[in-house]
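**Student:** here is a sequence together with a model predicted from it:
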Amino acid sequence: MSTQFPVRLLISFVLAFTGNSAFAQEANPYDVMGEPGIAQPSTIELDQKTAMHKPTVIIFDVNETLLDLAPLKASVGKALGGREEFLPLWFSMMLHYSLVETLTGHYHSFEEIGTAALMMVAKTQGIELEYEDAKAALVTPLRSLPPHQDVAAGLQSFSENGFRLVSLTNSSAEGAETQLRNAGLTDLLEKRYSVESIKKYKPHPDTYRMVINDLGVRPEGVLMVAAHAWDLAGAKNIGLQTAFIGRPGTSLYPNVAKPDYVVNDLPELVKLLREAESNEKDK
């Protein structure tokens with residue numbers, strides 16, 4: 001079964017959700033797919049038109065951006081009887097229904113939505129799965145995900161270069177705190193935000209505004225870092241700078257504005273931000 005259609009449908013739904021028609025005005029096909037989710041060297045660059053100033057605050061998405069989802073994918077695949085080909089369908093369905101809840105004014109935690117989505121996939125594919133087993137397959141590994149290898153050193157380098165570092169996740173507040181503590185990242189982040197505070201999911205504009213309003217900063221001085229094109233579309237919609245980090249299995253969406261930075265890992269982003277600062281001083 002192909003999973004391309006539901007993923008593309010989800011992206012289109014996200015773009016309508018952000019309310020920014022400028023993203024759909026012109027397709028920007030740029031080569032980032034030599035390996036799935038890995039940016040090629042030619043794309044590791046700064047778009048000078050949109051990223052004119054060095055940001056002072058960096059917001060990091062958590063799941064897949066900072067934390068490696070491999071254990072979660074293995075657990076969910078096992079719950080689906082070893083049918084790992086349904087993982088993209090489950091993930092896109094989870095995101096889909098988080099947006100449905102936001103648009104209809106309802107809220108369940110991301111973990112609850114993920115469990116429900118897993119039950120839905122199992123049912124449509126004729127796989128027997130009890131609710132408590134689905135919940136355990138999702139929540140237990142989700143809260144103990146390891147960080148990607150570049151993350152701890154990358155965050156430390158950002159901090160040493162004077163950036164304020166925070167996180168923003170669709171996970172519940174309790175879940176996010178547990179995730180980051182277990183991954184050893186809590187002390188590297190000034191603040192840790194969850195959409196649970198306003199009960200709206202990214203990429204709703206209010207989720208990003210919640211962070212910049214709390215920090216008392218202007219959007220143009222903030223950089224959003226994520227491995228998901230839909231997350232960056234939401235951040236760009238309210239004027240944030242954006243950086244795409246190519247984690248395995250992730251890719252850019254060619255029908256939205258190009259992120260200001262496209263990198264393979266956090267050290268590359270640190271390097272580009274240093275170069276941007278140097279270029280700004282030389283002007």
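**Tutor:** Nice, I can see it.
**Student:** okay, CA-based contacts and neighbour counts for the rest of this
**Tutor:** Noted.
**Student:** which helix or which strand is home to G175?
**Tutor:** For G175, the element it lies in under DSSP states H and E is helix 173-182.
**Student:** in whichever helix or strand comes after that helix, what's buried?
**Tutor:** For helix 173-182, the following helix or strand on the C-terminal side (DSSP H and E) is strand 191-194. Of the residues in strand 191-194, R192, Y193, S194 count as buried by neighbour count, 16 or more other Cα atoms under 10 Å.
**Student:** tell me the contacts of K199?
**Tutor:** Going by Cα atoms under 8 Å, 6 or more residues apart in numbering, K199 touches T102, H106, Y107.
**Student:** for G216, give me phi and psi.
**Tutor:** phi 70, psi 40 (degrees, to the nearest 10).
**Student:** now it: how far from T186?
**Tutor:** 21 Å (Cα to Cα, to the nearest Å).
**Student:** am I right that A173 is in contact with L180?
**Tutor:** No - if you go by Cα atoms under 8 Å, A173 and L180 don't touch, sitting 10.7 Å apart.
**Student:** those two - which one has more neighbours?
**Tutor:** Counted by other Cα atoms under 10 Å, A173 and L180 do not tie: L180 has more neighbours, with 24 against 18.
**Student:** and the gap between that one and L95?
**Tutor:** 21 Å.
**Student:** for V222, same thing?
**Tutor:** V222 sits 24 Å away from L95, going by Cα to Cα.
**Student:** grab the nearest non-local neighbour of Q156.
**Tutor:** L188 (6.7 Å; Cα to Cα, 6 or more residues apart in numbering).
**Student:** wouldn't the one you found be in contact with S167 here?
**Tutor:** No - checked against Cα under 8 Å, the pair L188 and S167 is beyond contact range at 10.1 Å.
**Student:** so for these two, which residue has more residues nearby?
**Tutor:** S167 (22 against 17).
**Student:** OK, contacts around that one?
**Tutor:** S167 touches I59, F60, D61, V62, L189, K191, R192, Y193, counting by Cα under 8 Å, 6+ apart.
**Student:** please state the mean pLDDT value computed over the host helix or strand of it.
**Tutor:** Per DSSP H and E, S167 falls inside strand 164-169. When pLDDT is averaged over strand 164-169, the result is 98.
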